[in-house]
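Novice: Take a look and give me a structure for this.
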Amino acid sequence: MTDRRFTLVVWLLGISLAGLFWWPLVTGGGFVGGDIYSYYFPQKTFYAEQLQQGHSPFWNDRVGHGYPMLAESQAGVFYPPHLALYTWLEVNTAY
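Specialist: Predicted coordinates for the structure are as follows:
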């Protein structure tokens with residue numbers, strides 16, 4: 001196999017694998033399993049709901065007895081692009 005053909009095969013294989021794994025995100029699906037769905041995604045969902053209702057996401061009462069969402073650094077409450085994205089887009093798209 002020539003170098004040019006080998007390079008083409010490697011690129012096609014790489015693009016195919018990337019497409020296979022990222023296709024659910026492109027078509028409106030989401031990430032599967034792990035901390036993303038059990039911890040981060042519920043945070044982002046709460047954050048988006050509060051912003052879309054015009055409220056400040058001050059206290060998240062959906063985990064345990066609640067915790068201050070504004071103090072949770074993983075949520076990115078004060079990150080300017082998050083304010084725009086989670087206000088106007090669906091959570092899956094914004095995430």
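Novice: any idea how far residue 65 is from residue 59?
Specialist: 10 Å (CB to CB, to the nearest Å). C-beta here means a position set from N, CA and C on the backbone, and glycine is covered the same way.
Novice: So between the two, which is more surrounded?
Specialist: In this view residue 65 and residue 59 are compared by other CB atoms under 10 Å, and residue 59 has more residues nearby, 14 against 5.
Novice: give me the beta-bridge partners of the more buried one?
Specialist: Counting by DSSP bridges, residue 59 is bridged to residue 68.
Novice: Now do the same contact list for it.
Specialist: Residue 59 sits next to 66-69 when contact means CB atoms under 8 Å, 6 or more residues apart in numbering.
Novice: which residues in this structure form helices?
Specialist: Applying DSSP state H to the chain gives helices spanning 3-26, 34-35, 41-52, 80-88, 91-94.
Novice: re the thing from before, tell me the most packed of the contacts of residue 59, by neighbour count.
Specialist: Highest neighbour count within the contacts of residue 59, by other CB under 10 Å: residue 69, with 20 neighbours.
Novice: Any stretches of this protein with poor pLDDT?
Specialist: Low-confidence segments of the chain (pLDDT under 70): 1, 28-33.
Novice: Go again with 80.
Specialist: Along the chain, the parts satisfying pLDDT under 80 run over 1, 23-38.
Novice: Pop the domain breakdown of it in here.
Specialist: Domain assignment for the chain, taken from automatic domain parsing, gives 1-30, 34-94.
Novice: in the shortest one, what counts as buried?
Specialist: The neighbour-count criterion (16 or more other CB atoms under 10 Å) identifies no buried residues in domain 1-30.
Novice: number of nearby residues for residue 85?
Specialist: Residue 85 has 18 neighbours, counted by other CB under 10 Å.
Novice: what about the nearest residue to it once chain neighbours are set aside, distance to residue 11?
Specialist: Closest residue in space to residue 85, ignoring its immediate chain neighbours: residue 94 at 3.9 Å, by CB to CB, 6 or more residues apart in numbering. The gap separating residue 94 from residue 11 is 31 Å, by CB to CB.
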